[in-house]
Structure formats: structure tokens, C-alpha cells
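Asker: Need a 3D model of the following:
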Amino acid sequence: MQQTLWVLHQDKDISPKMYLLYIDCLERTNHSTIIRAFVDSMQLLGPDYEKSKVILYVTDAAPYMVKSGKTLKVWAFSVMQIAQYT
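Answerer: So this is what the prediction gives:
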């Protein structure tokens, strides 16, 4: 199963618009591959980027995505996960 990961970024000091920062098509998905891809995308913003600026993590309700959100809170304390149930 392939999972496409999209990371959007908005920094009002740079631009009032949101833009696509990172996209990846993962061959294998579990909470650790999702976290790794997310952290890799944040590194594109540079080493001085404040993790506290990450405030929202929107996912589906798959168990591995919910687990990735809980794990991500350890990395970025201010993040809030919204799991989309359908």
C-alpha cells in the first residue's frame, strides 16, 4: 500500500500564502516512516526553524497515523493532531 504525504507550510513573515513544502510517496507505511518523512520535511526549513511553530497535524484515522501523531507530540510539544474519520 502506498501512502502520499503532503506537508504544507505558511510563515506569515515570509508570505501570507500557504505553500506545499514536501510530498513523498511511501512504499511502506507505519508510524515510524511517517514520522521520518515529516521530520525530513521540516529540515527543509533550515536548522534554525522552531519546532514550536508546528501547530497542526492533520491525518486520517488509520491506527499508524494516530500513533504517529502521538509520537510527534514528543518532538514538537505544541502540535495538535486532527484525525479525519470517514
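Asker: For V39, the count of nearby residues, please.
Answerer: Neighbour count of V39, defined by other C-beta atoms under 10 Å: 13. Any C-beta I mention is one placed from the backbone N, CA and C, and that applies to glycine too.
Asker: What number of residues are in the vicinity of the closest residue to it other than its chain neighbours?
Answerer: Closest residue to V39 apart from its sequence neighbours, by C-beta to C-beta, 6 or more residues apart in numbering: W75 at 6.9 Å. Here the count is done by other C-beta under 10 Å, and W75 has 13 residues near it.
Asker: How confident is the prediction for W75, by pLDDT?
Answerer: At W75, the pLDDT value in this model is 78.
Asker: wait, what's in contact with it?
Answerer: I35, V39, K51 (C-beta atoms under 8 Å, 6 or more residues apart in numbering).
Asker: Tell me the one among these nearest to R28.
Answerer: I35 (13.3 Å; C-beta to C-beta).
Asker: buried sites along the helix or strand where the closest one lies?
Answerer: Using DSSP states H and E, I35 falls within helix 31-43. Within helix 31-43, the residues scored as buried using 16 or more other C-beta atoms under 10 Å are H31, T33, I34, I35, A37, F38, S41, M42.
Asker: how about the nearest residue to Y49, chain neighbours excluded?
Answerer: The nearest residue in space to Y49 (C-beta to C-beta, 6+ apart) is M42, at 6.4 Å.
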